[in-house]
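Asker: Build me a model:
(chains A and B)
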Amino acid sequence: MTMVVDAPRDAAPVAAAVSRRQAMLALARFEAVRMARHPVTVAALLLYLGPWVWNLARPGADRYPVLHADMAMLQMAVMLVLGGAALVVANLAVLRERRHRTDAVSDLLVLPPTWRTGAFLLATLAPAALTLAVFAGQVLTLALLPGRAGRVDPFDVAIPAAIVAVLGVGGVLLGRVIRSPIVAPLVAVIFAAVGFVAVASVATGTTWGRLLPILPDDLPIALPWALLARPSGWHLAYLVGLTAVLVVVVLFHAGLRARAAVPALAAALAVTVGAGSVQLGQDDEILAARVAANDNPAPFQTCETRGQVTYCAFDDFTAWVPAWSRVVDDVVRLTPPGAVAAGPPLAVRQWVWSDRYPTFGGSFGPEWFEARSRTQRATDTAAGTPEAIPVGTAWGDEASAAAFAGGVAYRIVTGRAVTSSTTACGPRGALIVWLTGQANARTAAGLRQLDNQSSGALALVDYTIDNSLLVDDRAAGVGLALLERPPTEATALVATHWAELTAPGTTLEQAAQLLGVPAPPPADPSLDSKRCDS
Amino acid sequence: MTLATDTAVRADGVVLRYGRTTALDGVSLSLGTGVTGLLGPNGAGKTTLLRVIATAVRPDSGTVSAFGHDALTGPGRLAVRRRLGYLPQDPGFHPSFTAFEFVDYVAILKELTVRSARHAEVRRVLAQVGLDEQRGKRIRALSGGMRQRVALAAALVGDPALLILDEPTVGLDPEQRMRFRELFADLGEDRAVLLSTHQTEDVMSLCRTVVVLDEGRVRFDGTPVELAAQAAGRVWTSETRATGALASWRTGTGSYRQVGDPPLGADLLEPTIEDGYLTLVGLRATEDPR
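Answerer: Numbering: from 1, shown residues only, chains lettered A, B, ... in the order given. Below is the predicted model of the structure:
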């Protein structure tokens, strides 16, 4: 056929001769804004930040964070919530054309698939940057609290953003390989499950869990900075390498030429494998330091004197001294003049269970407790703070305050420090419980918590140290009954009868009579053999 | 806007098979400035031909060039796509996008990267299709006609020199069809527009040339008047239905308008473009297009 035709104008686009790179960046910006504003992202941010803000802002909130420990703990939430959201949102963005059947048009548009995929990959920086901003804000907020302990490792600040970047790029890869939006949420769930297993595995001494995006701590308690074995820098390098590997795989799948992809993949793999391997190693120096600090924390600590009391804390925990001091003062205030004079000058020493921590429970024989007690007393004596009141690396919650107040009360009442598995009975036990509950509102609330959690004996326990104070139920019952009486009356009664109540020969029945509370139930003969330290 | 020095689009001997089915069987055509109508029954190969010209599908044999570029090579395909606006038969939408965002997204993929200029262009095309006030509305909230206009705006963004429209007025009410017709007429003044349609009145009122495709082959290529002339002497009216007519229907006056071989002494009528099309394609043309 033939046809007479006119020659149409050779129209150029509005912005002529623009580079593909610019188009990719423009598309990346467009997608980044959509990813950041996506309902899943917004919901994830609310889900992630809401509980954290509430825990920080609610009445009676914990205002004594251990920065490095809190940052490590938040990583799991970042991976589960923000990382999961990035995975899903990036995946949905890649699948959008197919899901909405717009590919008939978009396939004919100028920007080639490799560059479009590059834009999606760049766009995942948006949730990563958002995560960095949010996480940095969280860290800054915690760091501004007067009671913060610990330190901030810049690598640990960057790791959450890298976690989100890895999962975001993973979402792009899934979208390229599997054209179903169902897969990404399933992968997010699998990551969640594996994340919990990884945390558990690291706590058992193996380190393979560090191959996940998160870098879990190897102990479930806050350790001082000097005892920390977190290869954060290597882990960040591992995440960067892993992201680069995924990026190259995605781009290769989208059409990147092999001559560019292969060297890039080799370099990325080298970084990933190298950094990933290094982070799996154990730091022997740190492990040795943990053993040393477990038996003798003094070399790692700074001491200061407030009033008549010496406080020794790990260098990055000294901000907690004023709070400890307030509890000591609150307990001392309830005792009659001269009561504190019994025994050596008051001292408080921070301990941490940094060696052989029973992560999944465990039992220790009496010999072990005896040995630990001897070690602790010898350490305190050698450090010039004999019979120092122990305190751990947990603070800010009510139970920790009560456990510490119990230790202070035990020290004042008995003249000795709580060591491993100390048991208080009789009037002294009752007095310790009353002093703990009467000291201040937080110790009172903590005492109620610990009482509800205890069975057989009231356990005033801080799980970050291997010192524990148990008050048998009969004595605890008298102490708790005294707490029901008006504070002024009870305080006066205690002051009046302090000498009898702390005398070794006074029975619990006599103490109850002196304090005007119901007599305790008869003693259980089966518990008569129980060791009683007071 | 600059003028090209040669034909906008030329296809020669294009053959495309899907398995044993020959969708295009040696199709040749040329397009220049103005609206070219593409008529044909279902399965004639119209959409396939549009997709070949739009560089979405590579033919098994034959050549396709546009604006002097070989559309079957990588660089040529890219050159064609830089000048192409394509509105498919059933365009998809991202329902959560606003009209502006959707067209802006397409504009980015067309490599319009200077943000301010791109946004100005998006506003221009949305105004051109009459969606200026609805540009901030999410597509899920727009009516079917408005969505079709969004799709057209997306095709128009970047001021393409070649516009391929695959049944753009299907499902539109008469007023919207009239608006589209006006718009296509304007667009055809300075660019090549290839319009696939079942609406012969659109072809009559809009198209400078018309191509009839049937069973993968070009059956006619000429002006609408020439297409109508294909039925000259083959359209008549009578009081009764003629059994041998290609098509026969009772008109509002009560008489039958019939296309086919008229009996001697029949009362002949002036043929329309539809009559010419029926004459060319026969009974297949009367099948339900959808």
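Asker: Just the buried residues of stretch A:459-470, please?
Answerer: Using 16 or more other C-beta atoms under 10 Å in any protein chain shown as the burial criterion, the residues of stretch A:459-470 that qualify are A:459, A:460, A:461, A:462, A:463, A:464, A:465, A:466, A:467, A:468, A:469, A:470. C-betas here are computed from N, CA, C, even on glycine.
Asker: any idea how far residue A:87 is from the last one?
Answerer: To tie it back to what came earlier, the one meant is residue A:470. 48 Å (C-beta to C-beta, to the nearest Å).
Asker: got it, and the fifth one?
Answerer: Separation of residue A:463 from residue A:87 (C-beta to C-beta) stands at 35 Å.
Asker: so where's the stretch 151-300 of chain A shaky on pLDDT?
Answerer: Using pLDDT under 70 as the threshold, the predicted model of the stretch 151-300 of chain A has low-confidence ranges A:202-203, A:205.
Asker: Recalculate using a threshold of 90.
Answerer: A:179, A:190-212, A:214, A:216-220, A:229, A:281-283 (pLDDT under 90).
Asker: And the helices in it?
Answerer: The residue ranges that make up the helices of the stretch 151-300 of chain A, judged by DSSP state H, counting those that start in this stretch, are A:154-177, A:183-203, A:232-254, A:258-280, A:284-295.
Asker: any idea which of these is most buried?
Answerer: When neighbours are counted by mean count of other C-beta atoms under 10 Å in any protein chain shown, the highest per-stretch mean among the helices of the stretch 151-300 of chain A falls to helix A:154-177, a mean of 24.
Asker: Distance from the chain centre to that one, please.
Answerer: 22 Å (C-alpha atoms, centre = their mean, to the nearest Å).
Asker: tell me the domain ranges of the chain?
Answerer: In the absence of a named chain, this looks at chain A. With automatic domain parsing serving as the domain definition, the record reports that chain A contains domains spanning A:18-56+A:63-225, A:291-531.
Asker: The chain in question should be chain B.
Answerer: The record's domain split for chain B, according to automatic domain parsing, is B:1-83+B:161-223, B:92-158, B:228-286.
Asker: Now do the last one, average pLDDT.
Answerer: Averaging the model's pLDDT scores along domain B:228-286 yields 85.
Asker: same thing with stretch A:446-462?
Answerer: Model confidence over stretch A:446-462, given as mean pLDDT, is 90.
Asker: how distant is it from the center of its chain?
Answerer: The offset between the C-alpha centroid of stretch A:446-462 and the centroid of the whole chain comes to 22 Å, using C-alpha atoms, centre = their mean.
Asker: Report the buried residues of it.
Answerer: Going by neighbour count (16+ other C-beta under 10 Å), the buried part of stretch A:446-462 is A:446, A:447, A:448, A:450, A:451, A:454, A:457, A:458, A:459, A:460, A:461, A:462.
Asker: Equivalent analysis for stretch A:75-90, please.
Answerer: A:75-90.
Asker: pLDDT value on residue A:2, please?
Answerer: Note on residue A:2: pLDDT of 35.
Asker: closest to chain B out of the domains of chain A?
Answerer: Comparing the domains of chain A by their distance to chain B (C-beta to the nearest C-beta), the top pick is domain A:18-56+A:63-225, with 3.3 Å.
Asker: Enumerate every residue touching residue 187.
Answerer: The chain I'm using is chain A. Contacts were defined as C-beta atoms under 8 Å, 6 or more residues apart in numbering or on different chains; by that measure residue A:187 touches A:87, A:170, A:174.
Asker: other chain: chain B
Answerer: The neighbourhood of residue B:187, defined by C-beta under 8 Å, 6+ apart, consists of B:35, B:156, B:163, B:193.
Asker: Quick check: the residue of chain B nearest chain A.
Answerer: Taking C-beta to the nearest C-beta, chain A has its nearest neighbour within chain B at residue B:32, 2.8 Å off.
Asker: Tell me how many other residues crowd that residue.
Answerer: As a burial measure, the neighbour count of residue B:32 was computed by other C-beta atoms under 10 Å in any protein chain shown and equals 21.
Asker: pLDDT wise, what is it at?
Answerer: Model confidence at residue B:32, given as pLDDT, is 90.
Asker: if we can go back for a sec, including distance to residue B:270, could the buried residues of stretch A:459-470 go into JSON lines?
Answerer: Written out in JSON lines, the entries for those read as follows (distance: C-beta to C-beta, whole Å):
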{"residue": "A:459", "distance to residue B:270": "106"}
{"residue": "A:460", "distance to residue B:270": "108"}
{"residue": "A:461", "distance to residue B:270": "105"}
{"residue": "A:462", "distance to residue B:270": "103"}
{"residue": "A:463", "distance to residue B:270": "100"}
{"residue": "A:464", "distance to residue B:270": "100"}
{"residue": "A:465", "distance to residue B:270": "106"}
{"residue": "A:466", "distance to residue B:270": "108"}
{"residue": "A:467", "distance to residue B:270": "110"}
{"residue": "A:468", "distance to residue B:270": "108"}
{"residue": "A:469", "distance to residue B:270": "111"}
{"residue": "A:470", "distance to residue B:270": "111"}
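Asker: any chance of those in TSV, plus distance to residue B:23 and secondary structure?
Answerer: Shown next, in TSV, are those (distance: C-beta to C-beta, whole Å; DSSP: H, G, I helix; E, B strand; the rest coil):
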residue	distance to residue B:23	secondary structure
A:459	82	strand
A:460	85	strand
A:461	80	strand
A:462	79	coil
A:463	75	coil
A:464	75	coil
A:465	80	coil
A:466	81	coil
A:467	85	coil
A:468	83	strand
A:469	87	strand
A:470	87	strand
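Asker: Of all pairs in those, which one is the farthest apart?
Answerer: When C-beta to C-beta is used, the two most widely separated members of the buried residues of stretch A:459-470 are A:464 and A:470, lying 17.3 Å apart.
Asker: Leaving out chain neighbours, which residue sits closest to residue A:198?
Answerer: On the basis of C-beta to C-beta, 6 or more residues apart in numbering or on different chains, the spatially nearest residue to residue A:198 that is not a chain neighbour turns out to be residue A:209, at 3.0 Å.
Asker: In contact with the residue nearest the centre of chain B: list those residues for me.
Answerer: If you average the C-alpha coordinates of chain B and look for the closest C-alpha using C-alpha atoms, centre = their mean, you land on residue B:195, 1.7 Å from that point. Residue B:195 sits next to B:35, B:36, B:37, B:38, B:165, B:168, B:184, B:202, B:203, B:206, B:207 when contact means C-beta under 8 Å, 6+ apart.
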